[in-house]
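**Q** Based on what follows, work out the 3D shape:
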Amino acid sequence: MVKLSQPPTLLSSKNFLDEYQITADIRLISGSVEISPGLGLSDAICDIVSTGGTLKSNGLKPFADVRRSEAILIGRKGLEDNLILTELVQRIESVLLAKETKYVVLNVEKKNLPAITSLLHGVRSPTVVPLAEEGWVAVHTVISEDDFWEKINTLKSAGAQGIVVMPIEKIIL
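**A** Model (predicted):
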């Protein structure tokens, strides 16, 4: 038995099962569909997920993608000056931009600082903070995911050490 959490997954699930010639009794349920296999109520589930964290916390793992989708914000002409809409778009853009970048902190000797900062842009420019050890600084910056590894290797060659990489939740420009 396959349990579904959302009506939109119904048709996709049937098409998916038909494609793989899988016979199943499909039932629509509301609530936390992720707990149904653990309770013995289903053999599988079909659910809309973003990160998969809830699946993992219930001891489940994805078997296959049934359907890929995306959410799109669409508005009529003339809404550009709508304050609420502008704020919503800014919030969405801040999250999307953050997903494309990493926050990087590295240590470097002051003598190598010009070479390091010439490689980095940050949001405006890298932040440089003196370290307790004389002659050393920490450089904080933002690096694009697209050229991340190439940039890290170049920074290491220029003298960067102790590189720490962190995810960014939002970037508000």
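**Q** need the strands for the protein, in chain order.
**A** Remark: strands assigned in the chain by DSSP state E are 2-4, 26-28, 44-46, 101-109, 127-130, 136-144, 161-167.
**Q** Which one of the ones you listed lies nearest to Thr54?
**A** Thr54 lies closest to strand 44-46 among these, at 10.8 Å (CB to CB). The way it works is simple: take the backbone N, C-alpha and C, and place the C-beta from them, glycine included.
**Q** Measure how the helix ranked longest in the chain sits relative to strand 161-167, angle-wise.
**A** When the chain is parsed with DSSP state H, its longest helix is helix 83-99. Helix 83-99 runs at 140 degrees relative to strand 161-167, counting by axes from the mean of the first three to the mean of the last three CA atoms, to 10 degrees.
**Q** Just want the most central residue of this structure.
**A** Nearest to the mean C-alpha position of the chain, by CA atoms, centre = their mean, lies Lys99 at 4.8 Å.
**Q** Kindly present the strands of the chain as JSON lines, with separate columns for mean pLDDT, mean neighbour count and distance to Gly75.
**A** Below are the strands of the chain laid out as JSON lines (pLDDT from 0 to 100; neighbours: other CB atoms under 10 Å; distance: least, CB to CB, whole Å):
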{"stretch": "strand 2-4", "mean pLDDT": "57", "mean neighbour count": "21", "distance to Gly75": "31"}
{"stretch": "strand 26-28", "mean pLDDT": "80", "mean neighbour count": "14", "distance to Gly75": "32"}
{"stretch": "strand 44-46", "mean pLDDT": "83", "mean neighbour count": "21", "distance to Gly75": "31"}
{"stretch": "strand 101-109", "mean pLDDT": "97", "mean neighbour count": "19", "distance to Gly75": "27"}
{"stretch": "strand 127-130", "mean pLDDT": "98", "mean neighbour count": "13", "distance to Gly75": "36"}
{"stretch": "strand 136-144", "mean pLDDT": "97", "mean neighbour count": "18", "distance to Gly75": "29"}
{"stretch": "strand 161-167", "mean pLDDT": "97", "mean neighbour count": "11", "distance to Gly75": "30"}
